[in-house]
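Participant: Task: produce atomic coordinates for the following.
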Amino acid sequence: MKINTPTEFLTFGDGQCDIYEVKGNQLVGKKMTLNFGERTVGMKRLYAARTASSEVNRLIQIPQMRSVTTKDAAIIDKIKYKIDAAQHLNDTNPPITVLTLLWIGAVT
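Facilitator: Now for the predicted structure:
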């Protein structure tokens, strides 16, 4: 896919997240550690989540990883998040995956 220019270069300098495979409510195995960039939760997304009786707690961008799915969990700063949505965007520089995260709780 051709990227239209000029395209802002996206960064992943806001922290690191660990992606874990989940079975039931248990973390089974660590899949990878990735750098991420914070994104702003837009009003449309916020209200859509509230209508569905859920609360979007965080929105992050990672380098595109199609192996990261809603069957995984993310841990950032010892906080566990359910991955509610994984959107793979090819029209950015570089291609990214945007993760919508729902807070689960602290990791002990």
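Participant: so what's residue 107 up against?
Facilitator: Applying Cβ atoms under 8 Å, 6 or more residues apart in numbering, we find residue 107 in contact with 75, 78, 79, 80. C-betas here are computed from N, CA, C, even on glycine.
Participant: need the strands for the chain, in chain order.
Facilitator: Using DSSP state E, the strands of the chain run over 15-23, 26-38, 58-63, 72-76, 79-89, 96-106.
Participant: Put together a markdown table for these, with distance to residue 9 on each row.
Facilitator: As requested, the strands of the chain are arranged in a markdown table below (distance: least, Cβ to Cβ, whole Å):
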| stretch | distance to residue 9 |
| --- | --- |
| strand 15-23 | 18 |
| strand 26-38 | 11 |
| strand 58-63 | 12 |
| strand 72-76 | 23 |
| strand 79-89 | 14 |
| strand 96-106 | 11 |
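Participant: pLDDT at residue 2, what is it?
Facilitator: Here the pLDDT value assigned to residue 2 is 61.
Participant: which residues are in contact with stretch 33-44?
Facilitator: For stretch 33-44, contacts defined as Cβ under 8 Å, 6+ apart pick out 10-19, 56, 58-63, 65, 76, 98-99.
Participant: what about 7 Å?
Facilitator: Contacts of stretch 33-44 with the rest of the structure, by Cβ atoms under 7 Å, 6 or more residues apart in numbering, involve 10-19, 56, 59-63, 65, 98.
Participant: got it, and stretch 70-85?
Facilitator: Judged by Cβ under 7 Å, 6+ apart, the contacts made with stretch 70-85 from elsewhere in the structure are 15, 17-22, 27, 31, 54, 57-58, 86, 99-107.
Participant: Now find how far off-centre that stretch is within its chain.
Facilitator: Counting by Cα atoms, centre = their mean, to the nearest Å, stretch 70-85 is centred 8 Å from the centre of its parent chain.
Participant: I am finished for the moment; much appreciated.
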